[in-house]
Each structure stands twice: as C-alpha cells, then as structure tokens.
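[1] predicted coordinates and the sequence they were generated for:
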Amino acid sequence: MSNSNSTLILGKENPYPEEKLDWALMAMMVPHSAIRLGMHRLEKGIDGLISDPNLKNCKLMRDWYNNHFYQFVHHHHDIEEKILFPWVDKYTKERSQNTKSIPPAIGAEHKDLTEMLEKFKTDFGKLVEIMESGKDGKAYVTYEQDGKNLLNNEIKPLCTKFVALTSGHLDGEELNVVALIREYFTPEEESKQMTKIIQSLGLGGAKLMLPWIYEGMGIFDPTPEKKFQKMYNSTIPVPLRVFLGCCWTGSYKRNNKGVIDGLGALGK
Ligand SMILES: [Fe+2]
Ligand SMILES: [Fe+2]
C-alpha cells in the first residue's frame with residue numbers, strides 16, 4: 001500500500017493481491033475494508049483519549065462510537081446473520097448435497113462480537129458520566145483519575161481483544177464464506193443479493209456507510225489506479241452516487257473521519 005494508512009491492523013493476507021480479488025472476495029471486502037479501517041481508528045482514538053480525557057473529548061468519542069462505529073459494525077453482523085448467511089447456507093447445502101455449510105463458529109463469533117460492541121457503548125457512556133461528575137465541584141484530579149482508570153483498565157483491554165477477535169473473524173469469513181460463494185453461486189446471484197442489501201440500508205444507512213466504504217476500498221485496493229475502488233463506486237445506484245458526491249462525503253469527513261482522527265492525533 002502506498003498511503004499513510006499502511007500501519008492498519010490488517011488481516012493475515014490483507015491487502016489481497018490483485019489476482020485474488022475476484023468477484024466473490026470483492027463482495028466481502030466492501031464492508032470489511034471499512035470495518036478494518038474503523039477498528040484502526042477506534043484503537044488510535046482510544047490511545048488519544050487516554051492522553052487527554054477531558055469531558056469534551058470523552059463526549060466526542062462516545063458520540064462517534066454510538067452514531068458511527070457501532071451502527072456500521074452492528075448492522076454488518078446483523079445483515080450477515082439475518083440475510084446473507086441464511087441465503088448462502090441454504091443454497092450451499094442444497095447445491096452440495098449437504099456436504100458443505102457455513103462453519104457454525106462464525107455465528108458464535110457474531111454473538112461474542114455483538115456483546116463487545118454493547119460493552120463499549122456502556123463504557124463510553126460511563127466515561128462521560130465520570131467526567132461530568134466534575135460539574136458537581138469534585139476535584140478534577142479525582143474524576144480524571146477515575147476516567148483514566150476506566151480507559152486503561154477496561155476500555156483499552158476491551159479494544160485490544162475486540163480488534164484481535166474481529167480481525168480473525170473477518171479473515172475467517174473471507175476464507176470460508178467466500179469459498180462457498182465462489183463454488184456454489186454465480187456472480188449474478190451474488191450481485192442481486194448485494195443490491196438487495198444496499199437497498200435495505202435506507203438513505204440514513206447509505207449516508208453513514210457508503211463514503212466510509214469508499215475510503216476503505218481505496219486503502220485495501222492493491223492497484224495503483226484504484227481499479228477495485230472504482231469498480232465498487234460503479235455498483236452504487238446512480239441517485240445514491242449523486243448524494244455521495246454532493247454531500248455525504250463532506251459530512252463523513254467532518255463528522256466521522258475528522259472527529260476520530262482528531263482524537264487519534266491527541267496520542268501523538
Ligand atoms: Fe461477520
Ligand atoms: Fe463480515
């Protein structure tokens with residue numbers, strides 16, 4: 001990779017070489033690239049917050065997490081559990097005469113990862129409460145220390161575990177689920193399913209996710225001309241592409257990327 005994000009927490013094989021990025025793997029890399037990018041920023045943001053956990057920064061982190069990261073990642077696991085994987089599993093079993101199916105461990109991982117997503121939510125909420133307790137005249141040094149303890153003893157270790165588990169989970173899907181899709185489905189079937197999923201996002205979901213995915217796809221695209229990122233862009237329905245160009249990308253840069261990168265910069 002030729003950009004400054006080359007220190008991203010990558011999967012074992014990420015970024016994949018061009019020859020591996022066929023239609024089946026590409027479909028999975030669309031959401032996964034954004035999740036990997038988001039996890040990297042979550043980690044950096046938490047490190048930054050540890051350096052300067054004032055109330056304003058804690059609120060920025062809580063709101064970024066709740067309104068952006070949580071929404072995206074939770075939605076991704078949800079779509080896989082409710083739409084994508086039941087569809088893949090059903091036809092894989094039928095077409096393989098019951099010799100192949102999605103490994104059950106993947107569903108169990110979704111449960112663990114979702115619990116961790118909820119724990120972050122609770123912890124960031126608690127952190128803001130602790131920092132707000134200073135408004136009652138409590139000595140700054142006391143609540144600041146409580147906040148730092150929560151960050152260092154709960155949130156940071158949770159993040160380390162979450163990033164490791166999620167990275168392994170994404171690797172596992174890219175290896176196992178993609179292999180089933182490649183073997184038992186056609187590119188047309190897959191593309192129809194992806195269109196259904198994009199439509200299920202609604203306008204709010206599309207606004208949140210499409211600019212983020214676009215950036216992620218660029219980072220994980222091994223080609224100098226960003227062939228795969230452009231390919232992804234061309235699959236976005238035209239009306240959504242118009243919104244993306246005119247306003248969603250700017251809003252993403254200000255409210256999502258800008259906020260979490262700003263927190264991350266505190267740790268440098
Ligand atoms: Fe998943
Ligand atoms: Fe996934």
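    Thanks, I have the structure now. Ligands and ions are numbered 1, 2, ... in the order given.
[2] buried residues, the helix or strand hosting P31. List them.
    Secondary structure from DSSP states H and E places P31 in helix 23-51. Using 16 or more other Cβ atoms under 10 Å as the test for burial, helix 23-51 gives 23-50. Bear in mind the C-beta positions are built from the backbone N, C-alpha and C, glycine included.
[3] next one: stretch 99-118
    Buried residues in stretch 99-118, counting neighbours by 16+ other Cβ under 10 Å, are found at K100, I102, I106, E109, H110, L113, M116, L117.
[4] what's the spacing between that stretch and its chain's center?
    16 Å (Cα atoms, centre = their mean, to the nearest Å).
[5] then stretch 201-221?
    The chain centroid and the centroid of stretch 201-221 are separated by 10 Å, computed with Cα atoms, centre = their mean.
[6] now do stretch 247-258
    16 Å.
[7] can I get that stretch in PDB? Just the C-alpha atoms.
    Taking C-alpha atoms only, stretch 247-258 is exported to PDB below (Å, rounded to 0.1, in the frame of the first residue of the first chain):
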ATOM      1  CA  CYS A 247     -22.800  16.000   0.300                       C
ATOM      2  CA  TRP A 248     -22.300  12.600   2.000                       C
ATOM      3  CA  THR A 249     -18.500  12.600   1.600                       C
ATOM      4  CA  GLY A 250     -18.200  16.000   3.100                       C
ATOM      5  CA  SER A 251     -20.300  15.100   6.000                       C
ATOM      6  CA  TYR A 252     -18.300  11.900   6.500                       C
ATOM      7  CA  LYS A 253     -15.100  13.800   6.500                       C
ATOM      8  CA  ARG A 254     -16.300  16.300   9.100                       C
ATOM      9  CA  ASN A 255     -18.400  14.100  11.400                       C
ATOM     10  CA  ASN A 256     -16.900  10.700  11.200                       C
ATOM     11  CA  LYS A 257     -13.300  10.700   9.900                       C
ATOM     12  CA  GLY A 258     -12.500  14.200  11.200                       C
END
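[8] show me what that stretch is in contact with.
    R41, W64, H68, A206, K207, L208, L210, P211, W212, Y214, E215 (Cβ atoms under 8 Å, 6 or more residues apart in numbering).
[9] and that stretch, which residues are buried?
    Within stretch 247-258, the residues that count as buried by 16+ other Cβ under 10 Å are W248, T249, Y252, N256, K257.
[10] kindly report the same for stretch 71-86.
    Quick answer for stretch 71-86 (16+ other Cβ under 10 Å): Q71, F72, V73, H75, H76, H77, I79, E80, L84, F85.
[11] now, the buried residues of stretch 247-258 that are in helices?
    Those of the buried residues of stretch 247-258 mapping onto helices are T249, Y252, per DSSP state H.
[12] export the buried residues of stretch 247-258 to JSON lines and tack on distance to M231 and pLDDT?
    Shown next, in JSON lines, are the buried residues of stretch 247-258 (distance: Cβ to Cβ, whole Å; pLDDT from 0 to 100):
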{"residue": "W248", "distance to M231": "19", "pLDDT": "96"}
{"residue": "T249", "distance to M231": "18", "pLDDT": "96"}
{"residue": "Y252", "distance to M231": "20", "pLDDT": "97"}
{"residue": "N256", "distance to M231": "23", "pLDDT": "97"}
{"residue": "K257", "distance to M231": "22", "pLDDT": "97"}
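[13] can you pull out the low-pLDDT segments for the chain?
    1-13, 135-141 (pLDDT under 70).
[14] please redo it, this time with the cut-off set to 90
    In the predicted model of the chain, residues 1-16, 107, 132-146, 194-202, 220, 235-237, 267-268 satisfy pLDDT under 90.
[15] burial measure for Y214, as a count.
    20 (other Cβ atoms under 10 Å).
[16] was I right about it contacting Q229?
    Yes: at 6.8 Å, Y214 counts as touching Q229 under the criterion of Cβ atoms under 8 Å.
[17] elements contacting the helix or strand V88 falls within?
    Assigned by DSSP H and E, V88 falls within helix 85-95. Counting contacts by 3 or more Cβ pairs under 8 Å, 6 or more residues apart in numbering; DSSP states H and E, helix 85-95 is packed against helix 178-184.
[18] put the alpha carbons of the helix it packs on into CSV.
    The C-alpha trace of helix 178-184 is given here as CSV (Å, rounded to 0.1, in the frame of the first residue of the first chain):
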residue,chain,number,x,y,z
VAL,A,178,-16.1,-16.5,0.2
ALA,A,179,-15.0,-20.0,-0.8
LEU,A,180,-18.6,-21.3,-0.6
ILE,A,181,-19.9,-18.3,-2.5
ARG,A,182,-17.3,-18.8,-5.2
GLU,A,183,-18.1,-22.5,-5.5
TYR,A,184,-21.9,-22.6,-5.3
